[in-house]
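Everything below, folded, please.
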Amino acid sequence: MPRDKTLSHIKVNKAIKEEFLEKGYEAASIRSIGARAGMTSAGLYRHYADKEAMYSAMVEPLIEEIRNWTQRHTEKKYSLVGEKANSIDLFGESFVDLIREVILPRRDEFILLMTCSAGTKYENFIHEYVQSNQKEFLDAICYLKDNGYPAIDVDEEELHMLLSAYLTACFEPIIHGADESKINKYLNTIQEFFMPGWLRIMGLN
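Residues are numbered from 1 along each chain as shown. Prediction:
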């Protein structure tokens with residue numbers, strides 16, 4: 001990497017993000033990214049091994065933050081259930097907080113992940129994330145029942161449908177370019193719509 005590697009790397013990352021956001025992964029080209037960054041393709045390869053590595057560098061930090069937040073959230077909920085917390089405490093933090101705390105500060109990277117990932121290993125991210133949450137949710141229902149909560153049995157297919165609808169609704173205003181005030185308004189509406197159903201399923205209403 002060149003001597004001014006910090007400034008140069010920032011410039012390269014900016015060019016990479018712009019290229020992928022404009023063209024998507026499959027249509028993006030190393031030559032075009034190099035032109036945006038003001039360097040040759042050879043110069044670009046001193047920063048990243050290939051186009052796949054460039055895309056990964058854009059979205060992996062966001063994915064890692066999402067995973068870490070989800071894990072902390074899950075552990076917190078199990079702790080609260082063990083303490084026999086009420087529904088207000090149990091749902092004081094929700095997926096909407098993940099969007100506000102993690103996704104919105106990395107909005108460009110999120111749009112890259114959601115709309116520009118065709119042809120990468122991340123193109124099924126939302127489906128895989130739903131499946132992961134689906135398993136956690138089913139485990140949580142069993143745990144709630146074991147701790148005396150009247151949770152309702154939901155089969156995997158039914159839960160997959162509900163989680164997909166919930167996450168899609170939460171993501172839509174971001175993907176379609178709504179400003180932050182509208183996003184917050186829409187998220188509040190989504191929360192008011194879905195939360196009674198989640199509480200009923202978990203036996204918390």
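
Now the residue nearest to the spatial centre of the chain: closest residue in space, sequence neighbours ignored.
Nearest to the mean C-alpha position of the chain, counting by C-alpha atoms, centre = their mean, stands residue 66 at 5.4 Å. Take residue 66 and drop its neighbours on the chain: the residue closest to it by C-beta to C-beta, 6 or more residues apart in numbering is residue 102, 5.9 Å away. C-beta coordinates here come from the backbone N, C-alpha and C atoms, glycine included.

Thought residue 62 was touching that neighbour, still the case?
Yes: Residue 102 lies in contact with residue 62 (C-beta atoms under 8 Å); the separation is 7.4 Å.

Return the list of helices and strands in contact with the longest helix seen in the chain.
In terms of residue count, the longest helix belonging to the chain (DSSP state H) is helix 51-82. With contacts defined as 3 or more C-beta pairs under 8 Å, 6 or more residues apart in numbering; DSSP states H and E, helix 51-82 has these neighbours: helix 5-27, helix 87-90, helix 95-98, helix 107-115, helix 125-146.

So which bits of that helix are buried?
51, 54-59, 62-63, 65-66, 69-70, 73, 77-78, 80-81 (16 or more other C-beta atoms under 10 Å).

can you give me the offset of that helix from its chain's centre?
8 Å (C-alpha atoms, centre = their mean, to the nearest Å).

Now do it against helix 107-115: the angle between them, please.
100 degrees (axes from the mean of the first three to the mean of the last three C-alpha atoms, to 10 degrees).
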